[in-house]
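Colleague: Mind looking at a prediction? Sequence and model below.
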Amino acid sequence: MTFHDLQLIDPILRALKDKNYHEPTEIQAKAIPQVLDQRDVLGCAQTGTGKTAAFAIPIIQRIHEMSDGQYRHDDIQALIVTPTRELAIQIDENIREYSKYTDLKHAVIFGGVKQGRQVEQLQRGVHILTATPGRLLDLVEQRYIDLSRIKVLVLDEADRMLDMGFINDIRKILRLVPKERQSLFFSATMPDNIKQLSQTILRNPIRVEVTPVSSTAETVDQRVYYTNRSDKNALLLHILQNRDMDQVLLFSRTKHGADRIVRNLKKKNISAQAIHGDKAQNQRQKALSQFKDGRVRVLVATDIAARGIDIQKLEYVINYDIPNVPETYVHRIGRSGRAGEAGIAISICEPEENVHMRDVEKLIKQKVQVINDHPYPQTEKPMTAAEKKEWNKEKQRRKQEFFAKRKASGGGRGRRGR
């Protein structure tokens, strides 16, 4: 099948040809005809499957056909809601590329930056708006945005939006859009809470599901190094002695952990940057740009910040921390080995994470290759339940002591107090 077989209009076909796109991915082949037929769609597809084009291309065509290409009105016709700034920017960039031979107007809005430029763009007129929930509702409240005339609503990365606590924002958005609309709902996973949410949004949807979340790309070579918690950083430096690893996306469980990893790498003259929710938008974009350009060797990311990172021909992914949700492992390593390219996924596993690694292997239904030939083998035993409880108590005690000391010394004023 080719894109011509999907009955796409010439301006879109020309844009796809410019990008050297000829054959649709599975999700695109299944979803595009349904969206063009104005059906509601429930899509389950993980990152790297071409999901953005699966809804962006038919939306562009629908709006073009509704207006006969004249765009006499500048009302928002389609709203795409997504959880992170990086993903919103990426979607808008794709819309720009696919619609470049039309006169369609599009914009992206997100928090973390001043709203002035975004408001100016909205005032010039927008047909397709991509937005994160918080900034969207903020500008609606300020009456810069009117959602009363949209024809198509897209909720993208719905599972991540719920993980990030956006459920109330989503409900507010649903009250602002017309009841008579086409709705497209995409999620990488489909747990019960996502299914329940989709039932409140969609009407007689067509379900489109590709690449089950339990599967990993056959082109990704998966490896695990078992080590001790105290040896993780030393083992990471040992692994990075391989100079072929010139572009590495590394996952950390926490924001503070990501910053600590970057500091340790820089001490060894390894160029690294962190990308997470505490970083300003310009810092995140700069770090990502430098990584893509090869000026940064290691990009350290948290799972939430990594949504929307799309790097062509990325070969190496490292799990510095093993995720306690096995599906997250699949999403992480899916950043490499895209479009048939080879990829290598390396996991560094400490004793407390052994159980998480076993859960991963159960999900993907295969054993991950264990690398034993390294200088930091795992010798510690996982803590017992009682030991872990005592350890957590001690951590909490130290945390309270730290904040008490900071308060006594006159510190503790957050950004708002400055």
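Modeller: Received the coordinates, thanks.

Colleague: helix/strand/coil for Asn392?
Modeller: helix (DSSP: H, G, I helix; E, B strand; the rest coil).

Colleague: show me where pLDDT drops low in the stretch 151-300 of the chain?
Modeller: 211-217, 281 (pLDDT under 70).

Colleague: all helices of it, in order?
Modeller: 158-163, 167-176, 192-201, 232-239, 255-267, 281-293 (DSSP state H, counting those that start in this stretch).

Colleague: Quick check: which of these is nearest to Asp40?
Modeller: helix 192-201 (8.1 Å; CB to CB). Heads up, the C-betas are built off the backbone N, CA and C, glycines and all.

Colleague: Would you mind giving the orientation angle of the closest one with respect to helix 167-176?
Modeller: 10 degrees (axes from the mean of the first three to the mean of the last three CA atoms, to 10 degrees).

Colleague: residues making contact with helix 192-201?
Modeller: 42, 153, 155, 158-159, 162, 167, 170, 174, 183, 185, 187, 205 (CB atoms under 8 Å, 6 or more residues apart in numbering).

Colleague: Alpha carbons only: can I get it in CSV?
Modeller: The C-alpha trace of helix 192-201 is given here as CSV (Å, rounded to 0.1, in the frame of the first residue of the first chain):
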residue,chain,number,x,y,z
ASP,A,192,-9.0,0.1,32.6
ASN,A,193,-8.9,3.8,33.6
ILE,A,194,-8.0,4.8,30.0
LYS,A,195,-10.8,2.6,28.6
GLN,A,196,-13.2,4.3,31.0
LEU,A,197,-12.1,7.7,30.0
SER,A,198,-12.3,6.9,26.3
GLN,A,199,-15.9,5.7,26.8
THR,A,200,-16.9,9.2,28.0
ILE,A,201,-15.3,10.9,24.9
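
Colleague: Show me which positions of it end up buried.
Modeller: By neighbour count on 16 or more other CB atoms under 10 Å, the buried set for helix 192-201 is 194, 197-198, 201.

Colleague: Ok, stretch 225-236 next?
Modeller: For stretch 225-236, by 16+ other CB under 10 Å, it's 225-227, 231-233, 235-236.

Colleague: which residues sit against it?
Modeller: 239, 250, 261, 264-265, 318, 320, 346-352, 354, 370-371, 374-380.

Colleague: one more time with 6 Å, if that's ok
Modeller: 264, 348-350, 371, 374, 376, 378, 380 (CB atoms under 6 Å, 6 or more residues apart in numbering).

Colleague: Can I get the helices of the stretch 151-300 of the chain in CSV including distance to Leu122?
Modeller: Shown next, in CSV, are the helices of the stretch 151-300 of the chain (distance: least, CB to CB, whole Å):
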stretch, distance to Leu122
helix 158-163, 22
helix 167-176, 15
helix 192-201, 24
helix 232-239, 45
helix 255-267, 31
helix 281-293, 18
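
Colleague: what's the most buried one of those?
Modeller: helix 158-163 (a mean of 21; mean count of other CB atoms under 10 Å).

Colleague: neighbouring contacts of that one?
Modeller: Against helix 158-163 from outside (CB under 6 Å, 6+ apart): 83, 187-189, 194, 307.

Colleague: Identify the residues contacting the residue nearest to Asp278 when sequence neighbours are not counted.
Modeller: Spatially, and ignoring its direct neighbours in sequence, Asp278 is nearest to Lys255 (5.2 Å; CB to CB, 6 or more residues apart in numbering). Counting by CB under 6 Å, 6+ apart, Lys255 touches 276, 278, 302.

Colleague: Also Arg253?
Modeller: Asp321.

Colleague: Then the one 10 residues further on?
Modeller: Applying CB under 6 Å, 6+ apart to Arg263 gives no contacts.

Colleague: and the gap between it and Ala274?
Modeller: The spacing between Arg263 and Ala274, counted by CB to CB, to the nearest Å, is 9 Å.

Colleague: just Gln115 next, same as before
Modeller: Taken as CB to CB, the span from Gln115 to Ala274 is 26 Å.

Colleague: which one of the two has more residues nearby?
Modeller: Neighbour count, other CB atoms under 10 Å: between Gln115 and Ala274, Ala274 has more, with 27 against 16.

Colleague: Quick check, the more buried one in contact with Gly257.
Modeller: No - look at Ala274 against Gly257 with CB atoms under 6 Å: they stay out of range, at 9.4 Å.

Colleague: At which residues are the strands of the stretch 251-400 of the chain located?
Modeller: Along the stretch 251-400 of the chain, counting by DSSP state E, counting those that start in this stretch, strands occupy 272-275, 298-301, 316-319, 343-349, 369-370.

Colleague: Need the winner for burial among those strands.
Modeller: strand 298-301 (a mean of 26).

Colleague: Just name whatever secondary elements that strand is in contact with.
Modeller: strand 248-251, helix 255-267, strand 272-275 (3 or more CB pairs under 6 Å, 6 or more residues apart in numbering; DSSP states H and E).

Colleague: Off-centre distance for the longest one?
Modeller: Centre-to-centre, helix 255-267 and its host chain are 21 Å apart (CA atoms, centre = their mean, to the nearest Å).
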